[in-house]
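Enquirer: build me a structure from this.
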Amino acid sequence: MAALQNSKTTDKGEEVNFHCAHFGQLKSVELYEILALRMQVFCVEQNCVYQDLDGKDLNAYHLTLRDESGKLLGYTRLLPKGISYEAYASIGRVVSDPSARGKGLGKILMEESIRKIKALYPNDPVKIGAQTYLIKFYTALGFEAVGEGYLEDNIPHISMILKETA
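Expert: Numbers count the residues shown, from 1 in each chain. Prediction:
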């Protein structure tokens, strides 16, 4: 599938742009920006030492959210079933630039991620591993918690599945 781009206007009238590409379609500068943002938030801000480059990026579509000037504001990794979960496609590495928080962009990013993963893998249910402090956020987007909570890299998580009606 070719890389796809589209834009959306936020509730505050700002235009944001989405770009979705498979790993092999990413330009080196795009990959660098994505990895830098993931490192900034997951490793530095959350003070979590873990192996971010887990081999899954190679099989993923990478969805970026940028402002009008091209600054990377958010990112998600979209995976087919069998990579993170045997029977589920998944959305992971959900991250927002600290400067973009509190503006509703996380919701816009996840709505586009849900739309895109359903287009890429229309017959597959979707599962995420959510940090537990975000349960209400993901529930509002149509996910429901399943199973018991667990620690991943010393951060509380819970599995959540996208309801079919979402």
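
Enquirer: so how far is the longest strand belonging to the chain from its chain's centroid?
Expert: Longest strand in the chain by number of residues (criterion: DSSP state E): strand 143-152. Computed by C-alpha atoms, centre = their mean, to the nearest Å, the chain-centroid distance of strand 143-152 equals 17 Å.

Enquirer: list of residues touching that strand?
Expert: 128-130, 132, 135, 139, 156-163, 166 (C-beta atoms under 8 Å, 6 or more residues apart in numbering). Just so you know, the C-beta spots here come from the backbone N, C-alpha and C atoms, and that holds for glycine as well.

Enquirer: what subset of these is buried?
Expert: By neighbour count, with 16 or more other C-beta atoms under 10 Å, the contacts of strand 143-152 hold 128-130, 135, 157-162 as buried.

Enquirer: got those as CSV, with secondary structure columns?
Expert: Shown next, in CSV, are these (DSSP: H, G, I helix; E, B strand; the rest coil):
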residue, secondary structure
128, strand
129, strand
130, strand
135, helix
157, strand
158, strand
159, strand
160, strand
161, strand
162, strand
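
Enquirer: farthest pair within those residues?
Expert: 157 and 162 (16.3 Å; C-beta to C-beta).

Enquirer: can you pull out the low-pLDDT segments for this protein?
Expert: Scanning the chain for pLDDT under 70 picks out 1-4, 9-13, 165-166.

Enquirer: that one: strands as residue ranges?
Expert: 4-9, 15-22, 61-66, 72-79, 89-96, 126-131, 143-152, 155-162.

Enquirer: ok, back up a step: can you give me the buried ones in the longest strand of the chain?
Expert: residue 143.

Enquirer: and the residue positioned nearest the centre of the chain, how close does it get to residue 51?
Expert: For the chain, residue 76 is the residue whose C-alpha lies nearest the centre (C-alpha atoms, centre = their mean; 2.3 Å). Note on residue 76: its distance to residue 51, by C-beta to C-beta, to the nearest Å, is 19 Å.

Enquirer: nice, that's everything, thank you.
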